[in-house]
Structure formats: structure tokens, C-alpha cells
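[1] have a look; sequence and predicted model below, questions after that.
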There are 2 protein chains.
Amino acid sequence: MTNINDNYLKLRGAYLFPEIARRVTAFLEREPAAASRIVRCGIGDVTEPLVPAVLDAMHAALDEMGRRETFRGYGPPLGYDFLREAIVAGDFDGLDIAPDEVFISDGSKTDCGAILDVLGTGNRTGITDPVYPVYVDSNVMAGHTGEARDDGSYDGLTYLPCTADNGFVPAIPSAPLDLVYLCYPNNPTGGMITREQLRAWVDYALEHDAIILYDVAYKDFVREADAPRSIYEIDGARRCAMEFHSFSKNGGFTGVRCGYTVCPRELAGRTRGGEEVPLHGLWARRWSTKSNSVGYVVQRGAEALYSEAGRAQTRNVIENYLENARLLREGCRSIGLTVYGGVDAPYVWVTCPDGVDSWGMFDRMLEEANVVVTPGVGFGRCGEGYFRISAFNTRENVEEVVRRMKAMVNQPA
Amino acid sequence: MTNINDNYLKLRGAYLFPEIARRVTAFLEREPAAASRIVRCGIGDVTEPLVPAVLDAMHAALDEMGRRETFRGYGPPLGYDFLREAIVAGDFDGLDIAPDEVFISDGSKTDCGAILDVLGTGNRTGITDPVYPVYVDSNVMAGHTGEARDDGSYDGLTYLPCTADNGFVPAIPSAPLDLVYLCYPNNPTGGMITREQLRAWVDYALEHDAIILYDVAYKDFVREADAPRSIYEIDGARRCAMEFHSFSKNGGFTGVRCGYTVCPRELAGRTRGGEEVPLHGLWARRWSTKSNSVGYVVQRGAEALYSEAGRAQTRNVIENYLENARLLREGCRSIGLTVYGGVDAPYVWVTCPDGVDSWGMFDRMLEEANVVVTPGVGFGRCGEGYFRISAFNTRENVEEVVRRMKAMVNQPA
């Protein structure tokens, strides 16, 4: 009989968002009348449509696909030059990144899972807690962990606590790590890292020959002038960091599917025999063997995000989401809740009232306010006692959420 | 320092098609005047534009993405029901396949690589020779092989020779295998399997508790009335086979990116402890954790392939490619070459003239006829002495290829 990958059986429960969907469905079966009242602030999915610049570019590209003279079949395995060049000009102006260090993919979730294809076993891996679950689950699937513990964490990973005390930026560990996942603006806490804090992590990685996998899916939400938009703003990062980018949140591409990674040519790992091997060639081989890149129409849509019109239009959409975040922050504060994040990120990270845990607060918000949030503990042990509210919503819905939360306080359960 | 996946270093040379591209570029640097004369019949990329039914559906879906009321963000992780249901109705009419056994992906190449994520180590793996290189390379990357041998094959894989003697359908092995890759209509030989031959493979798999990974990317090119379009036409296949489908060749989606797999609920592997585990749940978990599925616009385009208009329009395109294949077959025969395939497939598999090997013939075709073909040995040891001509081209180009091949014979090098 065919052997399966036993590591999958270590995975604890369902992936977080399907579990949320299950609870919402169960609630609506008990109370079908609530269906029309539900406001979803759980999964970080955008609500605003694609901007006109993107729509125009995709319609035009689709027209090209309808004429033999301009039809495009298989594209270059790592992405079209027009997009790789637009990315370098738009996101790395003044930084030392070349177009052939940019790898186009169908999204950051794919990249976060795929990176382990080219890395080996035995890496001491640091993961922030709370964290985007894909980092953890992809390590479990690859056999880089032991079994799950009762609290949902896994043997074999080094968890880096992110709490209110450290401003949701983990302390530099005393022990050496080989691989560290960092994400700023942070999902789920909405926190941001300072340039000095990021420099300390780069210095740590250089000292220990570690690699930082740096996720900047929310970089276009950064408003603090001096905060880093890319790890490559820090000297030495080319030798120790890959960077993961997404068009999901800035361009509203959650239903379009496109993102990219940056893998500098200097970045290297080593073989079991101790030989240094650049990751760039391995990553290129991974993509050219296991994928035929991303559709032409989608890549033209992503390119349009970097046009003058595309930038102006998406800036408006992002400002709107950030104003939502401000309203949610203020609303939560006005009813006495302690709130973090939501300044440089579309997520507001809220302390649960005394005596209520994350899932308890999830259930209360669902049942009493008919609002879907995300329980903090779903992102890791250190998320217990928090819940996340996503600002990806219409203004009307955000104002309604604030009204309902105020009403909840006035009529406690 | 961070450990890499050493298995990547076992990979022999570049992936086939980049190597072909390299030789074409080198030739054009020596003879730039030939650039306008080059006809590409190498990589199996379609040349005809997307059909109107697909274009209309994609434009309409794109319009939906531009309005808040109809905008779609993250889709269901395994694909939209509208597409899964259209597939079942269109491709499995009368067969026992349910929509939730259909998994939408961005293409068959991705699926062929990803399947090893959920399978374990130690499977005795059979791969036809010659073969689509992705099956082999993804096994190398996953550490399921030893080192490459001088002839480009790898220790640890069981090669199943496909030759003119066995009609390019491998003999049932005497030894047990746990995993077998089969592809019919076949890439690269253009050959087809009979219902009886496929039944023998299903019986073998059931007898040995093996899994068949059955690739039907070219199924819509089958013209023989009784030939199987799906392995699920054979009794028992639900217990021993996954099936890999692509819209690349029937729908012209090489630059759009969509395909699907079928994983029946009965299909199971086992843990190291001997416990049976259905693959369906593992495959679902793989996709929901490591991907956010395929864009909405693309899935609407794929759905349109199953509409009445979409079917009629793609049938015309396929008939046109098959007529190209017939012209190439006849042309090669008329100059004394022995030809296989090209009846139920868009590939013509041609025996090299005496004393010329595959790459030698590739170079001759490139240099003397300015036609890019694919050297048979690029698909495996048993492909030596053959070359593949793709019928994916315009009629004008196909007729030109035939003319130039006739001229080559009249003016031998």
C-alpha cells in the first residue's frame, strides 16, 4: 500500500478560518433570523472592488488573449519582466534589488508554504506567537516539528512571544536559530516594528548565519514616516532575508491571486556537507519545475497597481480601511477595552474583558452582536485573551459594529 | 547556517524546455537572420486564442470584480461549486464522481508536484520512460530517488519502458509498485491506451494496493470511439486512482492557468503504523493550508468551457490541431520517416534517421529547417532516437514545417 505523509496527522484541528466558518454556520442553524444581521470582521478579506486601473488593464489583457496575434500562452516561469520591473521600480526604489531577484507567484500563502520545499530538515525555527497559522502548519506538514501539545503548540519549534509587554515585537533570542519568520505590519496583532528593532533582527541573523523570512503583506498600510516598508532598507539584509509580498490587501487581490517573493542572490544556505548554496537557484528551480507561473491577465492587473492611476486609487482604498481601523479602535476604547494595532495595519487587536477567553469572546460577539471576529488564541497560545477585528469592511458595517459593541456593554449577558 | 534541501542538487541539468530555449538563443546569436524564419514546434504551447465563450465569461466576471455588490474576495479553498459542478456534469457524466471529489488548481504541473506533499517516503514508484519530466524531477526534489546516473535516469525509480514494440504502453510489471504515473493520451509519444490495457493497470493497482496517478491533460484529443477518456470508466478505479486534468490544451489555458484533480473518497494510503488514511482529507488540507485557490475570473473562464458555446468552439480548435497533427504525420512519412502518435493526441513522435540521435536531430531541425522540435531523449532514456513535433501551431506554420522537412531531405547535410 502507498505510504502517506504521516506528518499531516500531527496537525491539530482544522485550519483556523474553516473552524470559524463552522461555528458561524452552526449559530445560523440555531438562529436563522440572524443571517441578515451578521457582519464579518473575521478573516482578513477585502471588501472593496478592484480599482479601475486594474480592471482596465485586465480587460485589455483579456482582449489580447482573444486575438491570435497577441495571444500569450506559457509565460516566463518566474514571471513576466514587465511586472518584475514594475515591482522593482515601485517597491524598491533606491534599494539594491534587481528584477531577476523578484519571483511572481499566485500569492503569499503559496510562497510561505513553498519555501520549505527548498529548505532542509534540522533547522532551528523561530516563529512568533501569535502568528499567521500557515507558517506553523507548513512546518508541521514538512516534518519539521514533533507532536502537538495540549495548548496547540508543537514540539520542535521555538515560539517567540509577542505580548503587550514587548509591543508585539519579539525579544532577540539568546539561543541561535537558523530560520525566523517575522511579519510587519503584523498579522494578527496589527503592531509595527521600528527600524532599530528590525536592524537588531538582521544583526542577529547575520551573526548566527540565520535566514529571516520577512512577510510584508501589509506594508502599504504603514503610515509612520520612519518605519521600514522592506527589510532591504536595513544594511546586510540581502545576505540574510527573503521577503514575501502580496497584492491581496493593497490591491484587493484576494480573489485574483498574485504576490511575489524577493530572493537576493547573496542569500545562501548550506548542504549537509557544509557547502554554501545560494537559495536563488533553488527557488528558481522550484518554480520552473512545479508551476507554470501566473496567468498573463493577472500579471497585467498587478502591473497596473504600480501605474500612477493605480497608486492613487489603491491609496484611497487603503486610507479608507485605515479610517475603519481608527473607528474600531476608538469604539473599543470608548467601552473600556484595551486596544492595540490598527495604526499601520488593518487589524485591531483587542483585550478580552476580564474572565472571558478568546473563543468565549468570539462566541459572545457572534451571538450577542452578530459580529464575526477572530479569536486571538487561534493564532497561538500568546493570543489567548485577545480577539482580532478586521478593518476590511464597508464604513457602514464598521459603524454598525461599533454601535453593537456599545449596546452589548449596556446590556451585559 | 540554514540547511537547504540537498535533494535539489541531484537534479540533472536544467529542466528540458529551458535547455531548448538556451540552444535556440545560442543559434540565433550565431545566425540572427534566421530569427524571422524560426517555427516553434517544441514546447507544447497552444497558439490559438481563447474562444469567445471564455472571453465573454471572463470579461463579465471581471466586471463583477469591479462592483462592491458583486466583488469576490477569497473563494472556497478547493474551488467554487459552480466550476466543480460543471466539471462533474461535463467530464464525468454517467460516472461516479461527486463535485467535492474535484479539486480546482492553477494547473496540472502544480498538481503533479504537489501530490508528493501528501505522500510519504519509501513508495516504490513506477514512471514511464519517456515521460513528462515533472514526474521525475518532483520525486527527486522530494528525496524519493538516489543520485542521477550517466544516462540521466535516477536510482530508486522504476522505469517502465514505452517503445514502439509495446505501442508506448508499458507492460504490467512483475514486481509490486506502490505508486505509478500514467498519462494517456501520452505526452510525449502521442500514443493512446486501450480500455483493456487500462483495465489491466487498474487490476494491477488493486492487487498490489498501489495508487495510479493518471494524467489526462490531452483527453479531449481522443477520437477513437472506445478509448477511455477517464480512468474512472474502469471498475475499481475509485479505490486506486487519482486523475489529473488540465484546461491548458483543450481550452488554450496555458497562459490562464487552471486545472483540476479528482481524488475519490475511497482512495487511501497508509501510515508507517499501517493505519489506512483516505487521501481526500489530506489533499483538502494541503490545498486549504498552502493555497487560496484560483482567481474568480479564471474559474468563470473555465466554467465557460463547459457551456454549449464553449464546447462547440473548443471542439473546432481541437479539430484544427488534430488536422495539423495529421499533416505532420503524413509529411514525415512522405520523406521516409517512421511516425507514431498524432491520432488521439497533438504530438507526433518521429524516429530519427539512421545514425542521428535525438539532440542531433534537434540541432539539424533547428539549423537546417529553422524548426524547433523536442529531442525524445529529453523525456528519458527510451526517448533516444526519437523527436517530438507539436501540432500546436497555425496551419500555415505546419505546412511550412512539412515543406522545409521535405527540402532537408532533398539537400542532405
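    Thanks, I have the structure now.
[2] what about the strands in the stretch 101-250 of chain A?
    Ranges of strands within the stretch 101-250 of chain A are A:102-105, A:125-129, A:157-161, A:179-183, A:211-215, A:241-246, based on DSSP state E, counting those that start in this stretch.
[3] where does chain A have low pLDDT?
    By pLDDT under 70, the weakly predicted segments of chain A are A:13-15, A:411-413.
[4] do a quick rundown of the helices in it.
    Taking DSSP state H as the test, the helices found in chain A are A:16-30, A:52-65, A:81-91, A:108-118, A:133-141, A:195-208, A:279-290, A:296-304, A:308-334, A:358-368, A:395-410.
[5] A:D178 against A:T125, yeah?
    Yes. With contacts counted by CB atoms under 8 Å, A:D178 reaches A:T125, the gap being 7.0 Å. In short, each C-beta sits where N, CA and C put it, glycine included.
[6] still on that earlier bit, could you dump the strands of the stretch 101-250 of chain A into a markdown table and include mean neighbour count?
    Below are the strands of the stretch 101-250 of chain A laid out as a markdown table (neighbours: other CB atoms under 10 Å in any protein chain shown):
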| stretch | mean neighbour count |
| --- | --- |
| strand A:102-105 | 24 |
| strand A:125-129 | 23 |
| strand A:157-161 | 18 |
| strand A:179-183 | 24 |
| strand A:211-215 | 26 |
| strand A:241-246 | 25 |
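[7] quick one: closest of those strands to chain B.
    Checking the strands of the stretch 101-250 of chain A against chain B by CB to the nearest CB gives strand A:211-215 as the closest, at 4.6 Å.
[8] how about the closest one, does it reach chain B?
    Yes. Under the criterion of CB under 8 Å from any CB of the partner chain, strand A:211-215 makes contact with chain B via A:I211.
[9] can you give the contact residues for that strand?
    Strand A:211-215 is contacted by residues A:108, A:112, A:115, A:132, A:135, A:178-184, A:187, A:201-202, A:205, A:231, A:237, A:240-244, A:267, A:269, A:279, B:2 when judged by CB atoms under 8 Å, 6 or more residues apart in numbering or on different chains.
[10] what is the orientation angle of that strand with helix A:195-208?
    Relative orientation of strand A:211-215 versus helix A:195-208 (axes from the mean of the first three to the mean of the last three CA atoms, to 10 degrees): 150 degrees.
[11] break chain A into its domains for me.
    A:6-49+A:310-410, A:52-308 (automatic domain parsing).
[12] quick one, which of those domains is packed in tightest?
    With neighbours taken as mean count of other CB atoms under 10 Å in any protein chain shown, those reach their highest mean count in domain A:52-308, at a mean of 20.
[13] span of it from start to end?
    Domain A:52-308 has an end-to-end distance of 12 Å (CA to CA, to the nearest Å).
[14] what distance separates that domain from the centre of its chain?
    Offset of domain A:52-308 from its chain centre (CA atoms, centre = their mean, to the nearest Å): 9 Å.
[15] stretch A:403-413 too?
    Relative to its chain's centre, stretch A:403-413 lies at 31 Å (CA atoms, centre = their mean).
[16] hmm, who's touching that stretch?
    Stretch A:403-413 has contacts (CB under 8 Å, 6+ apart) with A:39, A:331-332, A:334-336, A:364-365, A:368-371.
[17] quick one: which of these is nearest chain B?
    Closest approach to chain B among the contacts of stretch A:403-413 (CB to the nearest CB): A:V39, at 15.0 Å.
[18] show me what contacts the closest one?
    Each residue near A:V39 by CB under 8 Å, 6+ apart is listed here: A:370-372, A:393, A:397, A:400-401, A:404.
[19] how about it: which residues does it bridge to?
    Note on A:V39: beta-bridge partners by DSSP bridges are A:V371.
[20] so it versus A:R285, what's the distance?
    A:V39 sits 45 Å away from A:R285, going by CB to CB, to the nearest Å.
[21] swap in A:R238?
    To A:R285, A:R238 is 20 Å away according to CB to CB.
[22] now do A:F221
    34 Å.
[23] next: A:L305.
    As for A:L305, its distance to A:R285 is 28 Å (criterion: CB to CB).
[24] ditto for A:F92
    Distance from A:F92 to A:R285, counting by CB to CB: 24 Å.
[25] how about the residues of the stretch 151-300 of chain A that lie near chain B?
    Counting by CB under 8 Å from any CB, the residues of the stretch 151-300 of chain A close to chain B are A:178-179, A:209-211, A:248, A:252, A:254-257, A:268-272, A:276-277, A:279, A:282, A:285-286, A:288-298.
[26] A:Y232 is in contact with A:V202, correct?
    No. Taking contacts as CB under 8 Å, A:V202 lies outside contact range of A:Y232: 9.8 Å.
[27] overlap of the contact sets of those two?
    By CB under 8 Å, 6+ apart, the residues touching both A:V202 and A:Y232 are A:A241.
[28] so A:V216 touches A:E233, yeah?
    No. Counting by CB under 8 Å, A:V216 does not reach A:E233; the two are 10.8 Å apart.
[29] what do those two both touch?
    By CB under 8 Å, 6+ apart, no residue touches both A:V216 and A:E233.
[30] contact partners for the residue nearest the centre of chain A?
    Central residue of chain A (CA atoms, centre = their mean): A:A217, 5.0 Å from the mean position. By CB under 8 Å, 6+ apart, A:A217 lies in contact with A:108, A:183, A:187, A:244-246, A:248-249, A:259.
[31] excluding its backbone neighbours, what's nearest it?
    Nearest non-adjacent residue to A:A217, counting by CB to CB, 6 or more residues apart in numbering or on different chains: A:S246, 4.0 Å away.
[32] thinking the one you found is in contact with A:G107, fair?
    Yes. Using CB under 8 Å, A:S246 makes contact with A:G107 at a distance of 6.3 Å.
[33] what's the overlap in contacts for these two?
    With CB under 8 Å, 6+ apart, A:S246 and A:G107 have common neighbours A:253, A:259.
[34] now A:L78: closest residue in space that isn't a chain neighbour?
    Nearest non-adjacent residue to A:L78, counting by CB to CB, 6+ apart: A:F103, 5.2 Å away.
[35] related to what we said a few turns ago, what about the domains of chain A, which gets the closest to B:E48?
    Judged by CB to CB, the one of those that comes nearest to B:E48 is domain A:52-308, at 6.4 Å.
[36] list the residues that contact the nearest residue to A:G146 once chain neighbours are set aside.
    In space, and not counting its chain neighbours, A:G146 is closest to A:D155: 3.0 Å by CB to CB, 6+ apart. A:D155 makes contacts with A:145-147, A:149, as judged by CB under 8 Å, 6+ apart.
[37] including distance to A:L160, could the residues you listed go into CSV?
    Formatted as CSV, the contacts of A:D155 follow (distance: CB to CB, whole Å):
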residue, distance to A:L160
A:T145, 15
A:G146, 18
A:E147, 21
A:R149, 16
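[38] nearest to A:V54, of those residues?
    Nearest to A:V54 among the contacts of A:D155, counting by CB to CB, is A:T145 at 39.0 Å.
[39] give me the nearest residue to the residue in the stretch 301-413 of chain A positioned nearest to chain B, chain neighbours excluded.
    For the stretch 301-413 of chain A, the residue closest to chain B is A:T394, as judged by CB to the nearest CB, at 7.4 Å. Distance criterion CB to CB, 6+ apart; nearest residue to A:T394, sequence neighbours excluded, is A:T47 at 5.8 Å.
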